[in-house]
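Asks: sharing a model prediction with you, sequence too.
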Amino acid sequence: MNISNEYPIMIFRNEYDGNVYYKTSLSKKDINGNYINGYIQCKFKKGVEIENKTNIYIKKAFLSFYNKNDATIPYIFISEFETIDEVIEKTQTKSVETIKQDEIIIDENELPF
């Protein structure tokens, strides 16, 4: 099952017994209109380190699982993502490039002053 999202999600980082674990929160409304919150584990490619409470956009991910003590534990494996800071930086760079392409050249002789 492939996962992508147009909205950012927050990644929570936990360290336990020398290992790093990641999770994200999920929320939905119950029949009374109250929000119910839950968490699901996330895994990333080897060598990827993410700070606690980092917001990311998922570009490519899939749902997987592992078995522990006869229980199935689901998780989201996130293989491609961008942080909000990276997206903002790319957007600002594109805006500057667009402005440079749309530069207006004014002849000083045509100015009224």
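Replies: Structure received.

Asks: quick check: the residue nearest to the spatial centre of the chain vs residue 42, distance?
Replies: In the chain, the C-alpha nearest the mean C-alpha coordinate belongs to residue 56, at 1.5 Å (CA atoms, centre = their mean). Remark: distance between residue 56 and residue 42 (CB to CB, to the nearest Å) = 9 Å. C-betas here are computed from N, CA, C, even on glycine.

Asks: between those two, what contacts are shared?
Replies: Common neighbours of residue 56 and residue 42, counting by CB atoms under 8 Å, 6 or more residues apart in numbering, are 11, 78.

Asks: pull stretch 10-30 out as PDB, backbone CA atoms only.
Replies: Extracted as PDB, the C-alpha positions of stretch 10-30 are listed here (Å, rounded to 0.1, in the frame of the first residue of the first chain):
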ATOM      1  CA  MET A  10       5.000  15.700  12.400                       C
ATOM      2  CA  ILE A  11       7.600  13.100  13.200                       C
ATOM      3  CA  PHE A  12       8.300  12.300  16.800                       C
ATOM      4  CA  ARG A  13      11.700  10.900  17.700                       C
ATOM      5  CA  ASN A  14      12.100   8.600  20.800                       C
ATOM      6  CA  GLU A  15      15.300   7.000  22.000                       C
ATOM      7  CA  TYR A  16      15.200   3.800  24.100                       C
ATOM      8  CA  ASP A  17      18.000   1.400  25.000                       C
ATOM      9  CA  GLY A  18      20.400   3.100  22.500                       C
ATOM     10  CA  ASN A  19      17.900   2.800  19.600                       C
ATOM     11  CA  VAL A  20      16.000   5.500  17.900                       C
ATOM     12  CA  TYR A  21      12.300   5.100  17.100                       C
ATOM     13  CA  TYR A  22      10.100   7.300  15.100                       C
ATOM     14  CA  LYS A  23       6.300   7.700  15.100                       C
ATOM     15  CA  THR A  24       3.700  10.100  13.700                       C
ATOM     16  CA  SER A  25       0.300  11.000  15.000                       C
ATOM     17  CA  LEU A  26      -3.100  10.200  13.400                       C
ATOM     18  CA  SER A  27      -6.400  11.800  14.300                       C
ATOM     19  CA  LYS A  28     -10.000  11.300  13.300                       C
ATOM     20  CA  LYS A  29     -13.400  12.300  14.500                       C
ATOM     21  CA  ASP A  30     -15.700   9.900  16.400                       C
END
